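Visitor: Give me the fold of what follows.
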Amino acid sequence: MKTNMQEKELLINLLKSLNNIDYHKDSGICNQVLHGVYSDEYTFRLRFLRKCFVKWPDYSGDAAYPVKNPSTLLFKTRHPFTNTPSKAYKRLNCWKGEYGESRERLLTFIKNEVRVSINGGGE
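Guide: The predicted model follows:
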């Protein structure tokens, strides 16, 4: 079990990683925040992110791809799995257009959740 000080340190490190997201990379929040992080810190970050996804009002319902398809990608099809969040992630730039704006809102939401937790108001 982590002490409050250990958890606070993990949260501070997570916030630093979130603040260093590279909008020019075509990879999402998880890929950038979890890359190069191992063991307990990886697990802590992943669990924290997933808790944030569920709280986020625009959550897609898919923990692996939390940002919904933008309206520009939705189209009529006989195949219901064509419009999944994973398809949007694979087809679109993560940080551009309507899809990127949605991801930026998620990033802001997560940063706020981290700050609240650092200050003792969450997790």
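
Visitor: Off-centre distance for the strand or helix carrying residue 111?
Guide: Under the criterion DSSP states H and E, the helix or strand holding residue 111 is helix 97-118. With Cα atoms, centre = their mean, to the nearest Å as the basis, helix 97-118 stands 7 Å off its chain's centre.

Visitor: could you give the mean pLDDT of that helix?
Guide: Mean pLDDT, computed over helix 97-118, is 95.

Visitor: name the helices or strands packed onto that helix?
Guide: On a contact count with 3 or more Cβ pairs under 8 Å, 6 or more residues apart in numbering; DSSP states H and E, helix 97-118 meets helix 4-19, helix 29-34, helix 39-55. The C-beta positions use only the backbone N, C-alpha and C, and glycine is treated the same way.

Visitor: report the angle between the axes of that helix and helix 39-55?
Guide: Using axes from the mean of the first three to the mean of the last three Cα atoms, to 10 degrees, one finds that helix 97-118 and helix 39-55 are set 120 degrees apart in direction.

Visitor: Output helix 97-118 as PDB, nothing but the C-alphas.
Guide: The C-alpha atoms that make up helix 97-118 are tabulated as PDB, following Å, rounded to 0.1, in the frame of the first residue of the first chain:
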ATOM      1  CA  GLY A  97      -9.300  18.700 -36.100                       C
ATOM      2  CA  GLU A  98     -12.400  17.800 -34.100                       C
ATOM      3  CA  TYR A  99     -10.700  14.600 -32.900                       C
ATOM      4  CA  GLY A 100      -7.700  16.400 -31.600                       C
ATOM      5  CA  GLU A 101      -9.800  19.100 -29.900                       C
ATOM      6  CA  SER A 102     -11.600  16.300 -28.100                       C
ATOM      7  CA  ARG A 103      -8.400  14.700 -27.000                       C
ATOM      8  CA  GLU A 104      -7.100  18.100 -25.700                       C
ATOM      9  CA  ARG A 105     -10.300  18.400 -23.600                       C
ATOM     10  CA  LEU A 106      -9.600  15.000 -22.200                       C
ATOM     11  CA  LEU A 107      -6.000  16.000 -21.400                       C
ATOM     12  CA  THR A 108      -7.200  19.100 -19.600                       C
ATOM     13  CA  PHE A 109      -9.700  17.000 -17.700                       C
ATOM     14  CA  ILE A 110      -7.100  14.500 -16.600                       C
ATOM     15  CA  LYS A 111      -4.700  17.300 -15.500                       C
ATOM     16  CA  ASN A 112      -7.400  18.800 -13.400                       C
ATOM     17  CA  GLU A 113      -8.100  15.400 -11.800                       C
ATOM     18  CA  VAL A 114      -4.400  15.000 -11.000                       C
ATOM     19  CA  ARG A 115      -4.300  18.500  -9.400                       C
ATOM     20  CA  VAL A 116      -7.300  17.700  -7.300                       C
ATOM     21  CA  SER A 117      -5.800  14.500  -6.100                       C
ATOM     22  CA  ILE A 118      -2.400  16.100  -5.400                       C
END
